[in-house]
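1. A predicted structure for the sequence below; I have some questions about it.
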Amino acid sequence: MSDTPQDPRRRHSAPVVDGVGKSASRAMLRAVGFEDADFSKPQVGIASTWSRVTPCNSHIGELAERASDGADAAGGKGVVFNTITISDGIANGTEGMKYSLVSREVIADSIETVAGCEGFDGLVAIGGCDKNMPGCLIGLARLNRPSVFVYGGTILPGAGHTDIVSVFEAMGAHSRGDLDRIELKQIEETAIPGPGACGGMYTANTMASAIEALGMSLPGSSAQNAVSQEKRDDCHAAGAAVLALLERDIKPVDIMTREAFENAITVVIALGGSTNAVLHLIAMADAIGVSITLDDFTAIGKRVPVLADLRPSGQYMMSELVEIGGIQPLMKTLLEAGLLHGDCLTVTGRTLAENLADIAPYPEGQDIIAPLEAPLKAQSHLRILYGNLAPAGAVAKITGKEGTRFSGTARVFGSEEEAQARINDGSVVAGDVVVIRYEGPRGGPGMREMLTPTSAIMGRGLGSEVALITDGRFSGGSHGFVVGHVTPEAFDGGPLALVEDGDTITIDAEADTLEVALEAAELERRRAAWRQPAPRYTRGVLAKYARTVGPASEGAVTDRPV
């Protein structure tokens, strides 16, 4: 063993395994399968999010092995390790959901920790659910070593073109009396047919598409079925791609540029993607040292239309977009229209424009992706609202199907559970604006998604007659007149904490405002009487998160300068 590393691709692994003084390190690695020749190869860590916690990730163990094989075949040494995942779909509507956004930070921390400790020269990260994808990207950004992200792939539709949101909405229909227990159980039994991430343009497929547009996934990775030869091949190719990136010393900082994030935002808007993309893209950009703000979504949204007729607001699923070519033809259309930065570098080692050069258009007659000249919505569905209820901003998902303006009477609740009970028992009626507060990053803590109450509203047939605002978040599966990420959050004394039952609240997605009809003097009177609630957790990961997390308008990041 040489004491002087010669291979520039091994700048991180060489100090761990080279030389007589590292015999103990090599001894440990021999026990997990290393042979003599492996110690002179670049080491590629394969961050796997496999678990049996959720169908989104239940197949990723095999995919991680495929990525490791790809790294080995290209002359590296793949080393598989695991990080965690949680399931939003399982935890929604419970106290456990408070751990969801927290898991993004735990995943990023764990990938950074393992790779930093073990000296991996490059990485492949494979994610298949809402928070593990941005968590992976944040970890890769912090490490800034040649890396590729792989999406675990989308699930296939259930019987009758159903998915997980179908089940949530069926629960609402059952509470209204439109479905009996047997019909609800039939949907429950058939909506999730196997492995893969939730099938609409919900948060998982939104983030996968954003990451591909960002340049951190191989072309096509975001639009492949979870159980398919294409996905297995994608993983093998990703392992090999890291070796090529090591040869050229191309790192995330070279790919995750300001222009690349603008590309990601553009594609999210064109696809009608989840509001969670706002939170996650801001956090991912922060991790690499790029400043992305709420106002960037507004500026880009003024020139980018919504083109995809995908769930939750549309009719199609991701698996059907896969069948017609995925997002690559859409991206080429956007590029040719001058809406994407074609000179951005990607993990192929080529530019975005070079990757798209030979992409064919969508087949004639498809109606999943509308033409640019006849969009589903001329400007973005992601609306950044300001006003006396959201001085630092809020995020709405307004497709136009529910209208663009809603004014109604506040019904105020201090938690998701309180609101859910009143929706289910019929207390929430047409004309109400449901206010769910103390669910923000610090107040929740953890900024729970409100898929359960929004689905109940839709299931009870009130989707266009009831609005919902919160300092929490929404699932990518939520739709209707909903506004989240209200900042400052109620726990920090934001105006949402001062709203009372009967106040008039107006949401205007044309003027991009969120207002309560109160004079400034009245708000100040209420503020003087307000007292911050006691923290809901004082020890453990939720308490630690509440102490370190920043505001939603800045991505709810915990890795802030001290």
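-> Good, I have the coordinates. Numbering: from 1, shown residues only.

2. And the helix or strand harbouring Glu522, what's buried?
-> In the assignment (DSSP states H and E), Glu522 maps to helix 520-529. Buried residues in helix 520-529, defined by neighbour count with 16 or more other CB atoms under 10 Å: Leu523. Where C-beta positions appear, they are placed from N, C-alpha and C, glycine not excepted.

3. any idea how far the closest residue to Pro305 other than its chain neighbours is from Ile292?
-> Nearest residue to Pro305, sequence neighbours excluded (CB to CB, 6 or more residues apart in numbering): Pro375, at 3.4 Å. Separation of Pro375 from Ile292 (CB to CB, to the nearest Å): 24 Å.

4. can you pull the buried residues of the helix or strand containing Ala125?
-> Secondary structure from DSSP H and E places Ala125 in strand 122-127. Within strand 122-127, the residues that qualify as buried are 122-127, counting by 16+ other CB under 10 Å.

5. Mind putting those residues into CSV with pLDDT and distance to Met28?
-> Shown next, in CSV, are those (pLDDT from 0 to 100; distance: CB to CB, whole Å):
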residue, pLDDT, distance to Met28
Gly122, 98, 21
Leu123, 99, 20
Val124, 99, 22
Ala125, 99, 24
Ile126, 98, 25
Gly127, 98, 28
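
6. hmm, back to that, show me what the following helix or strand past the helix holding Glu522 is packed up against.
-> Counting by DSSP H and E, the next helix or strand C-terminal to helix 520-529 is helix 541-548. Contact here means 3 or more CB pairs under 8 Å, 6 or more residues apart in numbering; DSSP states H and E; on that basis helix 541-548 packs against helix 99-118.

7. before we move on, back to that, what sits against the residue nearest to Pro305?
-> 305-307 (CB atoms under 8 Å, 6 or more residues apart in numbering).

8. Which one (most neighbours) among the residues you listed?
-> Neighbour tally across those (other CB atoms under 10 Å): the maximum, 25 neighbours, falls on Val306.

9. Just to check, it is in contact with Ala374?
-> No: assessed by CB atoms under 8 Å, Val306 is found out of contact with Ala374, at 11.6 Å.

10. The stretch 51-200 of the chain: strands as residue ranges?
-> 77-82, 122-127, 147-151 (DSSP state E, counting those that start in this stretch).

11. and the angle from the last one to strand 122-127?
-> So the one you mean is strand 147-151. 20 degrees (axes from the mean of the first three to the mean of the last three CA atoms, to 10 degrees).

12. any idea of the mean pLDDT for strand 147-151?
-> The pLDDT scores in strand 147-151 average 99.

13. Over to the first one?
-> Mean per-residue pLDDT for strand 77-82: 98.

14. do the same with stretch 412-429
-> 95.

15. And it, what's buried?
-> Buried residues in stretch 412-429 (16+ other CB under 10 Å): 412-416, 419-420, 422-424, 428.

16. same thing with stretch 104-123?
-> For stretch 104-123, by 16+ other CB under 10 Å, it's 104-112, 114-115, 118-123.

17. if we can go back for a sec, mind giving me a markdown table with the strands of the stretch 51-200 of the chain and columns for distance to Lys397?
-> Output for those, formatted as a markdown table (distance: least, CB to CB, whole Å):
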| stretch | distance to Lys397 |
| --- | --- |
| strand 77-82 | 33 |
| strand 122-127 | 22 |
| strand 147-151 | 22 |
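
18. Relative to Ala517, which of those is closest?
-> Closest approach to Ala517 among the strands of the stretch 51-200 of the chain (CB to CB): strand 122-127, 43.5 Å.

19. Considering the buried residues of strand 122-127, which is situated nearest to Arg142?
-> Of the buried residues of strand 122-127, the one sitting nearest to Arg142 (CB to CB) turns out to be Leu123, at 11.2 Å.

20. could you list every residue that touches the closest one?
-> Contacts of Leu123 by CB under 8 Å, 6+ apart are 44-47, 111, 115, 140, 143, 145-148, 242.

21. surely Val165 meets Ile192?
-> No: Val165 lies out of contact with Ile192 (CB under 8 Å); the separation is 11.1 Å.

22. which residues of this structure score low on pLDDT?
-> 1-5 (pLDDT under 70).

23. just so I have it, where are all the helices in the stretch 1-150 of the chain?
-> 14-17, 23-30, 60-73, 88-91, 99-118, 132-143 (DSSP state H, counting those that start in this stretch).

24. want to throw the ones you listed into CSV with distance to His174?
-> Formatted as CSV, those follow (distance: least, CB to CB, whole Å):
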stretch, distance to His174
helix 14-17, 57
helix 23-30, 55
helix 60-73, 33
helix 88-91, 18
helix 99-118, 25
helix 132-143, 31
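
25. And those: which comes nearest Ala337?
-> Nearest of these (CB to CB): helix 132-143, 26.7 Å.

26. tilt between that closest one and helix 99-118?
-> Helix 132-143 and helix 99-118 are oriented at 40 degrees to each other (the same axes, to 10 degrees).

27. Identify each buried residue in helix 132-143, please.
-> 132-143.

28. thinking again about what came up before, mark which of the contacts of Pro375 are part of strands, please.
-> Residues of the contacts of Pro375 located in strands (DSSP state E): none.

29. Now render these as JSON lines, adding distance to Asp36.
-> Converted to JSON lines, the contacts of Pro375 look like this (distance: CB to CB, whole Å):
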{"residue": "Pro305", "distance to Asp36": "58"}
{"residue": "Val306", "distance to Asp36": "56"}
{"residue": "Leu307", "distance to Asp36": "54"}
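
30. with those in mind, which one is nearest to Asp18?
-> Looking across those and measuring by CB to CB, the closest to Asp18 is Leu307, at 52.2 Å.
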